[in-house]
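K.L.:
Structure, please.
(chains A and B)
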Number of protein chains: 2
Amino acid sequence: MSVDGVVASLPAREKAGIDRLLQWLRIPSISTDPKFREPTRKAAEWCAERLRAAGLKAELRETGTQDKPGHPIVWATNEPGAAYRGPHVLFYGHYDVQPPDPLELWESPPFEPVVKPAMPGHDQPGERIVARGACDDKGQVSTFLEALLAWKEVEGAIPVRFSVLIEGEEESGSVNLYRYIDEHAEELRMADVCVISDTGMLQRGRPAITYGVRGLSYTEVKLHASDQDLHSGLWGGRCPNPISELVKVLAGLWNQDRRVTIPGFYDRVREPTPDERASWARLPMDQIAALKKIGLGRDADVGEAGWTALEREWARPTAELNGIYGGYMGAGAKTVIPAYAGAKVSFRLVADQDPNDIEQRFFAWLNARTPPGCRWELHSHSGGFPGNVSTDSPYLSAAATALEGVSGGRPHLIKSGGSIPVVGHLKSKLGLDTLLVGFGLDDDRVHSPNEKFEVSCFRLGVASHVRLIDAFSKLTV
Amino acid sequence: MSVDGVVASLPAREKAGIDRLLQWLRIPSISTDPKFREPTRKAAEWCAERLRAAGLKAELRETGTQDKPGHPIVWATNEPGAAYRGPHVLFYGHYDVQPPDPLELWESPPFEPVVKPAMPGHDQPGERIVARGACDDKGQVSTFLEALLAWKEVEGAIPVRFSVLIEGEEESGSVNLYRYIDEHAEELRMADVCVISDTGMLQRGRPAITYGVRGLSYTEVKLHASDQDLHSGLWGGRCPNPISELVKVLAGLWNQDRRVTIPGFYDRVREPTPDERASWARLPMDQIAALKKIGLGRDADVGEAGWTALEREWARPTAELNGIYGGYMGAGAKTVIPAYAGAKVSFRLVADQDPNDIEQRFFAWLNARTPPGCRWELHSHSGGFPGNVSTDSPYLSAAATALEGVSGGRPHLIKSGGSIPVVGHLKSKLGLDTLLVGFGLDDDRVHSPNEKFEVSCFRLGVASHVRLIDAFSKLTV
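P.N.:
Alright, predicted model coming up:
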């Protein structure tokens, strides 16, 4: 088999490939909203059908319980027994999407995908596919599906053994995925490496491999005082105000250097090597330009002292307040001392921090600071381990070479400050490394109105997956 | 005319009087919410009609502007020319109420008033009227209205010259009252003294005269960072999080002694005299028992170091967070760094602090602490001067003697930590002293779900106003 024939076929195949993606994008698979249960399943069926078209055996596997049914997992493998070469690859993706609201901010309806000229103000011209899920993750998964189909239709078969797992709950916490992985550990362990396309690139046209993502520990903390709301005139100065007390405690989470003050918080942090820091410094990442895009100036380049913005995002843990509430939050004035106040407090973690350990340390830190007359109500929301692949992994090297063949330039080796909890789970439960090869751009507006995936990114993604399959097939494992 | 006949008539009149109060309480006069504009006006009309029934000439006077109409002021006087004796008395009250939320915490709907047995755990049995406004201020104003009606119906006339001003914006900042007072200064200056029933007693059955209230400065502060919500994975650690930054600034409002740290905050505070502190220490005020009633223990007796709970409420200024908001406040987790976060920050003030001066100092203090990359949006909501009456005023002496006649005991001379800004305004603009003679109890849950006014308090209030009218009529001015 030859990769050249497959690559040569791609330009002629592109329009049909995009049309197929548009079909998928028309199905509003909003997993978090029970009203969209049926279309979410329909999106799974559509995906299974595409995998079958590429010659794989595909099925929908149910998740959840009778009382609380989940969304199905699309599971596919190519038939055993054929003359596969190279490693057995697990491809993971998701077919569900974020809710599209606020609807009024969309240029065109979120589930009526359109191919449009570039947005004004972009630094490079280029058509874009606009729809909810255009990039995250239907567009990215489609680059893989189209590569499989090209191999099948041009060369008659896919030269690498694949298992494919496309879940339908990534945007609603993957509530059933981890039990599924645990229950299907044997089957999944047959894979040698996992590939995910759900990340981005630093520049148009230059592929990137993400070799690390941060972990997450997400909590909610509520501080209770009186058993009722109080009049701030009659009680102000006489008893604890839970908003004021919460604010005083949480303000102590950071020191003057914006380092987290929880004892032991940094104990297990693996610092980036001098080589890593040097290579990151050479990447085309402009923090000041990025701040400008979100309405901020140079003075907003703040974070843990002693690290660059990129290092702070990729290699340093943080404590963030994602939400805060208490007392009167409406228009105007109300002189109340409320019964409680609360905050959503999350921690982004790096190797080798453990989300459970961090959560315990945080809760212990809070308990050691309970304001007089108050009590805590502490919740754990969700979390995940940080995920990392060694930069000298043979899979990563093979992938880098394949991607160089697509663009002519060496792919950027990058990390992401975001969290893809499945990466850490596959590593800790199955010992499986994950290659994150994604084709998004930082202005793709994922999770926001007018999400887009550029046609040039789609093209690059399909070509990359075609060459990745070839590179894997030539790898000795 | 004889007060004895009027007093003797009261038991037989009580049921009808309570029924009239229940009618008023059924009208949801929530002044702060534009949806309740019509019922708020209806409550004003109801009040004017009751004043007419007592023989006064009553009318609704519009407030506000064409663009921004206010709620009407109920204005009433008894006909000039009659043989009044004693001072001309201005009675001030309000017919509007606080919003009832959170609705789910009410035992019965807030605008379906009911007369119920005492709440379990109360130290004295006694029926209570449960509704929004039951005490604050419809219940208290009703004790005055019923006293007027009793004099009119039993003795044929009210022996004292009255002006009555019942406003409809007390719970939403009295935005139009102060201009009204300025514009009607001539008319209002005809009064010799003002009487307000919007305060409380220390004990059931023992009237109290409040000779001082705190002032208020109420602000809203919003801290802005990026111009859009950000993903906390991609941006956490790279730019300011306005919730975290707001929390860090606000936590600095107090020092370890719980004193406010704004420079000059205490400069104009007039400290209570040693005699005053000694007399307060003798009052039957049990902070630990009061804390217990709101679900708090002895450890919740916190406030500015060096002062008792009573002194902290009556004679010390405070800074309170009445509300805080920002980021994701719904159920579950959302990994967002929001564009802004805000807080409602108020200050209770004592003589001779000036609310405008305090607000300016606070805003300057914030501006000196603007976190890097952020900007403040600072709002002034409402405020008022502290108000005080000299304890050797002849009106206060006459009132004390009248109230002693009702209960057999000398009324307590107390202060309140709450704010009645009109008191300070009447004094500074018109030179008018105010007697605060109120019949609430500290567990009446004003501004909270299940607000109540006890039937015994209503009874005491009506009898007190009947005797107060008599005492004023016998005073030489």
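
K.L.:
quick one: contacts of the helix or strand hosting A:Arg20?
P.N.:
Here A:Arg20 sits within helix A:3-25, counting by DSSP states H and E. The contact list for helix A:3-25 (CB atoms under 8 Å, 6 or more residues apart in numbering or on different chains) reads A:43, A:46-47, A:50, A:95, A:111, A:113, A:115, A:129, A:131-134, A:138-139, A:142, A:145-146, A:149-151, A:153-155, A:455, A:458-459, A:462-463, A:466-467, A:469-470. Where C-beta positions appear, they are placed from N, C-alpha and C, glycine not excepted.

K.L.:
Remind me what the helix or strand following it packs against, helices and strands.
P.N.:
Toward the C-terminus, helix A:3-25 is succeeded by helix A:37-53 as the next helix or strand (DSSP H and E). In terms of contacts (3 or more CB pairs under 8 Å, 6 or more residues apart in numbering or on different chains; DSSP states H and E), helix A:37-53 is packed against helix A:3-25, strand A:56-61, strand A:73-78, helix A:138-150, strand A:162-167.

K.L.:
Excluding sequence neighbours, find me the nearest residue to the residue positioned nearest the centre of chain A.
P.N.:
Among the residues of chain A, the one closest to the centroid is A:Ile420, at 4.6 Å (CA atoms, centre = their mean). Of all residues not flanking A:Ile420 in the chain, A:Val213 sits nearest, at 4.9 Å (CB to CB, 6 or more residues apart in numbering or on different chains).

K.L.:
got it, and A:Gly431?
P.N.:
A:Arg189 (7.9 Å).

K.L.:
list the contacts for that neighbour?
P.N.:
A:430-432.

K.L.:
can you redo the residues you listed as JSON lines with pLDDT, secondary structure and neighbour count?
P.N.:
Putting the contacts of A:Arg189 into JSON lines (pLDDT from 0 to 100; DSSP: H, G, I helix; E, B strand; the rest coil; neighbours: other CB atoms under 10 Å in any protein chain shown) gives the following:
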{"residue": "A:Leu430", "pLDDT": "94", "secondary structure": "helix", "neighbour count": "19"}
{"residue": "A:Gly431", "pLDDT": "92", "secondary structure": "coil", "neighbour count": "8"}
{"residue": "A:Leu432", "pLDDT": "94", "secondary structure": "coil", "neighbour count": "19"}
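
K.L.:
so how far is A:Pro102 from A:Asn450?
P.N.:
11 Å (CB to CB, to the nearest Å).

K.L.:
Looking at these two, which one has more neighbours?
P.N.:
Between A:Asn450 and A:Pro102, A:Asn450 has the larger neighbour count (other CB atoms under 10 Å in any protein chain shown), namely 19 against 9.

K.L.:
these two touch, right, the more buried one and A:Glu104?
P.N.:
No - the criterion here is CB atoms under 8 Å, and A:Asn450 misses it with A:Glu104 at 11.7 Å.

K.L.:
quick revisit: please work out the average pLDDT along the helix holding A:Arg20.
P.N.:
With pLDDT averaged residue by residue, helix A:3-25 scores 97.

K.L.:
What of stretch A:188-197?
P.N.:
96.

K.L.:
ok, and for it, which residues are buried?
P.N.:
By 16 or more other CB atoms under 10 Å in any protein chain shown, the buried positions in stretch A:188-197 come out as A:188, A:191-197.

K.L.:
likewise stretch A:373-389?
P.N.:
Result for stretch A:373-389 [16+ other CB under 10 Å]: buried residues A:373-374, A:376, A:381-389.

K.L.:
wait, does that stretch contact chain B?
P.N.:
Yes - counting by CB under 8 Å from any CB of the partner chain, chain B has neighbours in stretch A:373-389: A:373-374, A:381-382.

K.L.:
So A:Glu186 belongs to a helix, correct?
P.N.:
Yes - per DSSP: H, G, I helix; E, B strand; the rest coil, A:Glu186 lies within a helix segment.

K.L.:
give me the number of residues near it?
P.N.:
Count around A:Glu186 with other CB under 10 Å applied: 8.

K.L.:
what separates it from A:Lys429, distance-wise?
P.N.:
In terms of CB to CB, A:Glu186 sits 12 Å off from A:Lys429.

K.L.:
Show me where the stretch 301-450 of chain A has its strands.
P.N.:
A:318-327, A:336-337, A:340-349, A:375-384, A:387-388, A:412-416, A:433-438 (DSSP state E, counting those that start in this stretch).

K.L.:
Figure out which of those strands is closest to B:Tyr84.
P.N.:
strand A:336-337 (42.0 Å; CB to CB).

K.L.:
ok, residues contacting that closest one?
P.N.:
A:225-226, A:229-232, A:235-236, A:239, A:241-242, A:327-328, B:320, B:322-323, B:447.

K.L.:
What about the residues you listed, which are in helices?
P.N.:
If you go by DSSP state H, the contacts of strand A:336-337 have A:232, A:235, A:242 in helices.

K.L.:
check contacts around the last one.
P.N.:
Taking CB under 8 Å, 6+ apart as the contact definition, A:Pro242 lies against A:223-225, A:326, A:337-341, A:374.

K.L.:
and what of the second one?
P.N.:
Contacts were defined as CB under 8 Å, 6+ apart; by that measure A:Trp235 touches A:226, A:337, B:294, B:313, B:417.

K.L.:
isn't the fourth one right next to A:Leu234, touching?
P.N.:
Yes - A contact is recorded between B:Glu313 and A:Leu234 when judged using CB under 8 Å, the distance being 6.8 Å.

K.L.:
what sits in contact with each of the two?
P.N.:
When contacts are counted by CB under 8 Å, 6+ apart, B:Glu313 and A:Leu234 have B:416-417 as shared neighbours.

K.L.:
And the contacts of stretch A:401-414?
P.N.:
By CB under 8 Å, 6+ apart, stretch A:401-414 touches A:201-203, A:205-211, A:279, A:283, A:314, A:391, A:399-400, A:437, A:460, A:463-464, A:467-468, A:470-471.

K.L.:
coming back round to it: how many neighbours does the residue nearest to A:Ile420 have?
P.N.:
32.

K.L.:
who's it bridged to?
P.N.:
In this entry, A:Val213 is beta-bridged to A:Gly387, A:Ser416, by DSSP bridges.

K.L.:
distance of the nearest residue to A:Val423 once chain neighbours are set aside from chain B?
P.N.:
Excluding its sequence neighbours, the residue lying closest to A:Val423 (CB to CB, 6+ apart) is A:Gly387, at 2.9 Å. To chain B, A:Gly387 is 12 Å away according to CB to the nearest CB, to the nearest Å.

K.L.:
residues contacting A:Gly387?
P.N.:
A:212-213, A:215, A:420-421, A:423-424, A:427, A:434.

K.L.:
isn't A:Leu56 right up against A:Arg161?
P.N.:
No - using CB under 8 Å, A:Leu56 is not in contact with A:Arg161, being 10.7 Å away.

K.L.:
Common neighbours of those two, please.
P.N.:
Residues touching both A:Leu56 and A:Arg161 (CB under 8 Å, 6+ apart) are A:77-78.

K.L.:
quick one: the residue nearest to A:Ile420 and A:Leu426 touch, right?
P.N.:
No - A:Val213 is beyond contact range of A:Leu426, at 12.0 Å (criterion: CB under 8 Å).

K.L.:
Point me to the residue of the stretch 301-450 of chain A nearest chain B.
P.N.:
Distances between the stretch 301-450 of chain A and chain B by CB to the nearest CB are smallest at A:Gly373, namely 2.7 Å.

K.L.:
ok, now which ones touch that residue?
P.N.:
Residues near A:Gly373 by CB under 8 Å, 6+ apart: A:225, A:239-240, B:291, B:296-297, B:299-302.

K.L.:
On the three-state scheme, the residue lying closest to A:Glu377 once chain neighbours are set aside is what?
P.N.:
With sequence-adjacent residues excluded and distances taken as CB to CB, 6+ apart, A:Glu377 is closest to A:Lys222, at 4.1 Å. What three-state DSSP gives for A:Lys222 is strand.
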